[in-house]
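# Quick one, what's the 3D model for this:
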Amino acid sequence: MKRASIAVTALLVLGLSGCSVIHSAEGITIYQMETEQGEEFYGDVSITPGRLSDDTKRSLAVGEPLSEYEVELSNGTFYGFQSSENLEPKNYAYTYGTLTEIAEAHHLDLLASKFAVYPEGEKNLIVIYDSSSSQTVSIMGVDPEIGKDYWIETMDIYFSCGGHTDHSRFTLTGITDEADYVTYEICDGEEAHIMYDLSIGKGIVFVRTDGAVYRWELEGVGSMDDFYEFADSIDWIKGAE
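Numbering: from 1, shown residues only. Next up, the predicted model:
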């Protein structure tokens, strides 16, 4: 049975003015901050380094590394990078139509929403592999349709496998006094973290796994049941052998 637990809002005042901790656990800290643009939730998630299999590393480093790259995805969004001139190229980039294709091509187990439907074509998602000592894999791109009254505004996945603790940071902006935070048990005992404000219909659902962080920003949300429904739709796509 799925379990939702409401985080106790013990506002621990930090040294920074207008900043307080609303949740702190191993590897995860959620702050509420006052900025010039208004109130926001700020999440800081540490990523314990994972491990890429030899098959995954080989599949991610096909051809020559690139010093610069740009691609227009199916929704007209441009993604890319440009390395510093004095640095040896270490980045590789690939485009795919679905997360299933990425999982199969690179022998990766990935979390994804069962609701997600991507447009037809091969340029919906971009995978960027940094083969330097940091060894990171970033997956981002077109936001899929989910067939609900609410929708995915942003989705991204970040792997860190370089042997040192990395960090992923994100914000939920424009929040009100109604903003809150909960955790929710999903597939295989994994835990979804939900930063939300129902008064503005927005929230961030993120999952921290070994070596990776998954993030979905939802908008148009009408109730907590919407967040729980979406969290229940998250499951593994198996690509690793």
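
# among the helices and strands of this structure, which has the poorest mean pLDDT?
Least confident helix or strand of the chain, by mean pLDDT, DSSP states H and E, is strand 12-13 with a mean of 35.

# Surely residue 105 forms part of a helix?
Yes. Under DSSP: H, G, I helix; E, B strand; the rest coil, residue 105 sits within a helix.

# Name the SS class of residue 95, please.
Counting by three-state DSSP, the backbone at residue 95 sits in strand.

# Identify each buried residue in stretch 88-101, please.
90, 91, 92, 93, 94, 95, 96, 97, 98, 99, 101 (16 or more other C-beta atoms under 10 Å). Every C-beta, even on glycine, is put in place using the N, C-alpha and C of the backbone.

# sorry, back to before: next SSE after the least confident helix or strand of the chain?
strand 19-25 (DSSP states H and E).

# what's the spacing between that next one and its chain's center?
Its chain's average C-alpha position is 20 Å from that of strand 19-25, according to C-alpha atoms, centre = their mean, to the nearest Å.

# Which strands or helices does it pack on?
If contacts are counted by 3 or more C-beta pairs under 8 Å, 6 or more residues apart in numbering; DSSP states H and E, strand 19-25 sits against strand 12-13, strand 28-35.

# Highest mean neighbour count out of the ones you listed?
The highest mean neighbour count among the helices and strands packed on strand 19-25, using mean count of other C-beta atoms under 10 Å, belongs to strand 28-35: a mean of 17.

# Report the backbone C-alpha coordinates of it in CSV.
Extracted as CSV, the C-alpha positions of strand 28-35 are listed here (Å, rounded to 0.1, in the frame of the first residue of the first chain):
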residue,chain,number,x,y,z
ILE,A,28,18.1,16.4,0.8
THR,A,29,17.4,19.9,2.1
ILE,A,30,14.4,22.0,1.2
TYR,A,31,14.6,25.7,1.9
GLN,A,32,11.9,28.4,1.9
MET,A,33,13.4,31.6,0.7
GLU,A,34,12.4,35.3,0.3
THR,A,35,13.7,36.8,-2.9
